[in-house]
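# Dropping a prediction and its sequence here:
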Amino acid sequence: MTLPDAEPSATSSIRPPSIRTLAERVFHQLQDAIVRGELVPGSKITEPGLAATYGISRGPLREAMRRLEAHRLIERVPHVGARVVKLTMPELLELFDVREALESMAARLAAIHMTPEEVAGLRDVLAVHESQHDLQRGEAYYQREGDLDFHYRIVQGSHNRMLVNLLCDDLYYLVRLYRTQFSASGARPHKAFVEHHRIVDAIEAGDAELAELLMRRHVAASRANVAERYAETL
């Protein structure tokens, strides 16, 4: 998986996740479709339908769907079948409340524990993002997953295994879905990008309190923007 519109020189220290099996490739393909909204929240999905649409065989598809369900991107509904997850407004706000608390803690710990190499990696990620044509045009701010995701990198930089498990596994894909669909376009992208730089500055300076404060404000602003955008769809 590669990031479109990025210069090769800017990605020297970051790599997209390796995809080793067909089931994993199908999972990433469907996960990307869900995050981008190609598979609409709340829409019913079936194995025959997905197999026909994406040209994939049923065996790898079943394994991919199990992974999607484990990552809370699809859910099984009695007498309905599988559908793409769609949070209610209260559930969405609860998700961002958890994210605000945990990611601000991660930023504090990152300011204490991140190595100079890890901070340089954060700078590289922002350089990649800055080169995206959609951000330059003010249309969007789409972050690839894993090492190409700014927030993922900071959580990893906290060096706290419990936080990594919660934010980079249990909640990561669900957070990424709503962050991408409701806060990656409009006026928010450029503001978020500037906020990212300030957070890295605080982490690099080893200012744990400031890093925590800036991340809390950053996620709170994202929460308000997502809630407003989500309300428009109701």
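Done, it's in.
# Now do the helices in this structure.
Under the criterion DSSP state H, the chain contains helices at 22-36, 47-54, 58-70, 89-113, 116-130, 133-136, 150-157, 161-165, 172-183, 188-204, 208-231.
# Show me the protein divided up by domain.
22-84, 89-232 (the TED database).
# For those, give me JSON lines that also has mean neighbour count and mean pLDDT.
Yep, even glycine has a C-beta here, placed from its N, CA and C like the rest. Below are the domains of the chain laid out as JSON lines (neighbours: other CB atoms under 10 Å; pLDDT from 0 to 100):
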{"stretch": "domain 22-84", "mean neighbour count": "16", "mean pLDDT": "87"}
{"stretch": "domain 89-232", "mean neighbour count": "18", "mean pLDDT": "85"}
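# if I look at the most centrally placed residue in the chain, how far off is residue 227?
Note on the chain: the residue nearest the mean C-alpha position is residue 176, at 3.0 Å, using CA atoms, centre = their mean. To residue 227, residue 176 is 17 Å away according to CB to CB, to the nearest Å.
# Same question for residue 170.
Here residue 170 is placed at a distance of 22 Å from residue 227 (CB to CB).
# Angles on the backbone of residue 206, please.
In terms of degrees, to the nearest 10, the main-chain angles of residue 206 are phi 70, psi 20.
# wait, doesn't it sit right on residue 109?
No - the criterion here is CB atoms under 8 Å, and residue 206 misses it with residue 109 at 11.7 Å.
# Confirm for me that residue 43 is in contact with residue 84.
Yes - using CB under 8 Å, residue 43 makes contact with residue 84 at a distance of 5.2 Å.
# Residue 77 pairs with what?
When assigned by DSSP bridges, residue 77 has beta-bridge partners residue 81.
# Most distant residue from the centre of the protein?
Within the chain, the residue lying farthest from the chain centre (CA atoms, centre = their mean) is residue 79, at 31.1 Å.
# Surely residue 106 is in contact with residue 215?
Yes - using CB under 8 Å, residue 106 is in contact with residue 215, at 7.4 Å.
# any common contacting residues for the two?
The contact sets of residue 106 and residue 215 overlap at residue 154 (CB atoms under 8 Å, 6 or more residues apart in numbering).
# my read: residue 216 touches residue 97, true?
No - assessed by CB under 8 Å, residue 216 is found out of contact with residue 97, at 11.2 Å.
# Could you pull up phi and psi at the residue farthest from the centre of the chain?
Taking degrees, to the nearest 10 as the convention, residue 79 sits at phi 70, psi 10.
# which ones are touching it?
Per CB under 8 Å, 6+ apart, neighbours of residue 79: none.
# And it, how far from residue 48?
Distance of residue 79 to residue 48, given as CB to CB: 18 Å.
# Next: residue 32.
21 Å.
# swap in residue 34?
For residue 34, the distance to residue 48 - CB to CB - is 18 Å.
# again, but for residue 64
In terms of CB to CB, residue 64 sits 14 Å off from residue 48.
# cool, residue 30 as well?
14 Å.
# Residue 61 too?
Residue 61 is 10 Å from residue 48, by CB to CB.
# ok, and the closest non-adjacent residue to residue 27?
Nearest non-adjacent residue to residue 27, counting by CB to CB, 6 or more residues apart in numbering: residue 64, 4.0 Å away.
# for residue 71, same thing?
That would be residue 173: by CB to CB, 6+ apart, it lies 4.2 Å from residue 71.
# Pretty sure the one you found sits against residue 70.
No - assessed by CB under 8 Å, residue 173 is found out of contact with residue 70, at 9.4 Å.
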